[in-house]
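K.L.:
coords please:
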Amino acid sequence: MPHHPSADQIITLYDRHASIWNDLRSNHFVDRKWIERFRSLLPPMATVLDLGCGSGQPVARHLTDAGMSVVGVDSSAQMLALCRTRFPTQEWVHEDMRTLALDRQFAGILAWNSFFHLKPDDQRRMFPVFERHAAPGALLMFTSGPAHGEALGEFQGETLYHASLAPEEYTAQLKDHGFGVLEHVVEDAECGGQTVWLARRLPR
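P.N.:
Residues are numbered from 1 along each chain as shown. Have a look, this model is predicted:
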């Protein structure tokens, strides 16, 4: 698969357009169904690791409004500045999710509309990161594409890169790193056409 240069420009794109993205996303929560499903399966007062948290709207807000704590991780300093202003009592970490090592484990891990911006090999390298940060029984939820390949979108006139592994590979990666698939819905019509994976960390 040829490497597309826009894959390396995701962070700077989101930095440049943070306020516009935030304005659009704040009023666009077609994925509420899945975030609510994730929340409903977590214990009350759980702490969620939100990888690629963006501006915290609307996902982190939904979780914190429900009494949960969020540790948000993003590579975009501009997005995190919005988070810190909006949710000063939560924890916001300026790191690359691909190399994250917080030495902590969480009841829930989200990589929602973020993980799919990574190149395929970088996605494969994320599964040890998920495993490292997942407490026993932890939930993991992320979005992917429906099939193996790359897809180029557009935001504010710039190319927005997405990639996906094959469903069989996601299932195998999850299994190899201690997760069992709870739900996998391809192009959910009730959720803006997103392809969703929900998994649970199995007992060791």
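K.L.:
not counting sequence-adjacent ones, nearest residue to the residue nearest the centre of the chain?
P.N.:
The centroid of the chain falls nearest to Ala111 when counting by C-alpha atoms, centre = their mean (1.6 Å). With sequence-adjacent residues excluded and distances taken as C-beta to C-beta, 6 or more residues apart in numbering, Ala111 is closest to Phe142, at 4.0 Å. To be clear about C-beta, it is placed using only N, CA and C from the backbone, and glycine gets the same treatment.
K.L.:
tell me which other helices or strands the helix ranked longest in the chain touches.
P.N.:
With secondary structure taken from DSSP state H, the chain has its longest helix at helix 120-133. In this structure, helix 120-133 makes packing contacts with strand 106-111, strand 158-164, helix 167-176, judged by 3 or more C-beta pairs under 8 Å, 6 or more residues apart in numbering; DSSP states H and E.
K.L.:
buried deepest among those, which one?
P.N.:
By mean neighbour count, with neighbours taken as mean count of other C-beta atoms under 10 Å, strand 106-111 ranks first of these at a mean of 24.
K.L.:
now it against helix 120-133, angle please.
P.N.:
Angle between the axes of strand 106-111 and helix 120-133 is 170 degrees (criterion: axes from the mean of the first three to the mean of the last three C-alpha atoms, to 10 degrees).
K.L.:
report how many residues lie close to Leu82.
P.N.:
Counted with other C-beta atoms under 10 Å, residues neighbouring Leu82 total 22.
K.L.:
what of Asp122?
P.N.:
Residues near Asp122, counting by other C-beta under 10 Å: 15.
K.L.:
what ranges does the chain have for its strands?
P.N.:
For the chain, the strands defined by DSSP state E cover 47-51, 69-74, 91-94, 106-111, 134-144, 149-155, 158-164, 179-188, 194-201.
K.L.:
what distance separates the fourth one from the centre of its chain?
P.N.:
The gap between where strand 106-111 is centred and where its chain is centred comes out at 9 Å by C-alpha atoms, centre = their mean, to the nearest Å.
K.L.:
flag the shaky bits of this protein, pLDDT-wise.
P.N.:
1-29, 151-161 (pLDDT under 70).
K.L.:
quick check: closest non-adjacent residue to Asp122.
P.N.:
Nearest residue to Asp122, sequence neighbours excluded (C-beta to C-beta, 6+ apart): Arg98, at 5.4 Å.
K.L.:
please tell me I have it right and that neighbour contacts Arg124.
P.N.:
No - using C-beta atoms under 8 Å, Arg98 is not in contact with Arg124, being 10.4 Å away.
K.L.:
ok, now which ones touch Leu139?
P.N.:
Contacts here follow C-beta atoms under 8 Å, 6 or more residues apart in numbering; on that basis Leu139 touches Phe38, Leu41, Leu42, Ala107, Gly108, Ile109, Leu182, Leu198, Ala199, Arg200, Arg201.
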